[in-house]
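Asker: return a 3D structure for these sequence lines:
(2 chains)
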Amino acid sequence: ELKVEQNPLFLSMQEGKNYTIYCNYSTTSDRLYWYRQDPGKSLESLFVLLSNGAVKQEGRLMASLDTKARLSTLHITAAVHDLSATYFCAVDIRGGSEKLVFGKGTKLTVNP
Amino acid sequence: DVKVTQSSRYLVKRTGEKVFLECVQDMDHENMFWYRQDPGLGLRLIYFSYDVKMKEKGDIPEGYSVSREKKERFSLILESASTNQTSMYLCASSSTTHGTIYGYTFGSGTRLTVV
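Answerer: You can find the predicted model right below:
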């Protein structure tokens, strides 16, 4: 059974600081997805990582994938309050986006 | 842009009622999914469908059923609503045959309260 673990589950940081969220998964997969969820809202796609060594960047967020280590990271650079949200990683269980397994999410709070 | 539309944003139902949650997508996606989201438990897959009239159980199908009579529509049915089914319900869709994979597109969610 594929398991996806995120850490930390809660992250409180100050504006301007850097931090990394980690996503580990238990079986072979080369497709990993990051989503953002604002309070009371649905999930919004952030990044799609489809191969080993993939790196994607959007603004202050950068995601990477190491399939050999079964690890993805979401790095936050110079955090701002607008980044406060819950971030989920998800792994493709059958190699074709037919079924994703989600981590429990990391709730990020960026304080002024 | 792919759009996944859930018919209700908020619903309040009584215990024992039969509840229908509707989800429609407009991009000809083969795969559709129903999740529920609860604090501390993350997203849990209830049912999914990879084709019309096809369905597969997810991790927590008990107390739920689904219907997919048309490709664009996937309905979640609570046969007899109970208070432990109070939750946020999220519908999602995806495609595996158009050559590009972007993961799921989610609907806006339905917050169901069973009283």
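Asker: all contacts plus neighbour counts: C-alpha atoms, from now on.
Answerer: Fine.
Asker: what's the following helix or strand after the lowest-mean-pLDDT helix or strand in chain A?
Answerer: Least confident helix or strand, chain A: strand A:100-102 with a mean of 88, by mean pLDDT, DSSP states H and E. Tracing the chain past strand A:100-102, the next element assigned as helix or strand by DSSP states H and E is strand A:106-111.
Asker: ramachandran angles for residue B:72?
Answerer: phi -80, psi -10 (degrees, to the nearest 10).
Asker: same question, residue B:16
Answerer: According to degrees, to the nearest 10, residue B:16 has phi 90, psi -10.
Asker: tell me how far the closest residue to it other than its chain neighbours lies from residue A:37.
Answerer: Leaving aside its sequence neighbours, residue B:16 sits nearest to residue B:80 (Cα to Cα, 6 or more residues apart in numbering or on different chains; 4.4 Å). Residue B:80 sits 30 Å away from residue A:37, going by Cα to Cα, to the nearest Å.
Asker: more neighbours: which of those two?
Answerer: residue A:37 (19 against 14; other Cα atoms under 10 Å in any protein chain shown).
Asker: got the contact list for that one?
Answerer: A:43, A:44, A:85, A:86, A:87, A:88 (Cα atoms under 8 Å, 6 or more residues apart in numbering or on different chains).
Asker: let's go with 7 Å and repeat that
Answerer: A:43, A:44, A:85, A:86, A:87 (Cα atoms under 7 Å, 6 or more residues apart in numbering or on different chains).
Asker: rewinding a little: show me what the least confident helix or strand of chain A is packed against.
Answerer: Strand A:100-102 sits against strand A:85-92, with contacts defined as 3 or more Cα pairs under 7 Å, 6 or more residues apart in numbering or on different chains; DSSP states H and E.
Asker: circling back to that earlier point, and the least confident helix or strand of chain A, how far out from the chain's middle?
Answerer: 12 Å (Cα atoms, centre = their mean, to the nearest Å).
Asker: what do you get for stretch B:83-93?
Answerer: 7 Å.
Asker: now do the buried residues in it.
Answerer: The neighbour-count check on stretch B:83-93 (16 or more other Cα atoms under 10 Å in any protein chain shown) flags B:85, B:86, B:87, B:88, B:89, B:90, B:91, B:92, B:93 as buried.
Asker: for stretch B:45-60, same thing?
Answerer: For stretch B:45-60, by 16+ other Cα under 10 Å, it's B:45, B:46, B:47, B:48, B:49, B:50, B:51, B:52, B:55, B:58.
Asker: show the contacting residues for the most centrally placed residue in chain B.
Answerer: Compute the mean C-alpha point of chain B, and by Cα atoms, centre = their mean the closest residue is residue B:34, 2.7 Å away. Residues counted as contacts of residue B:34 (Cα under 7 Å, 6+ apart) are B:45, B:46, B:47, B:48, B:90, B:91, B:92.
Asker: the first one and residue B:35 touch, don't they?
Answerer: Yes: between residue B:45 and residue B:35 a contact is recorded at 4.5 Å, counting by Cα atoms under 7 Å.
Asker: host element of the closest residue to residue B:48 other than its chain neighbours?
Answerer: Using Cα to Cα, 6+ apart and skipping residues adjacent in sequence, the residue nearest residue B:48 is residue B:33, 4.2 Å away. Residue B:33 belongs to strand B:31-38 when assigned by DSSP H and E.
Asker: which other helices and strands contact the helix or strand following that strand?
Answerer: Downstream of strand B:31-38, the next assigned helix or strand under DSSP H and E is strand B:42-49. Contacts defined by 3+ Cα pairs under 7 Å, 6+ apart place strand B:42-49 against strand B:31-38, strand B:56-57.
Asker: thank you kindly, that will do.
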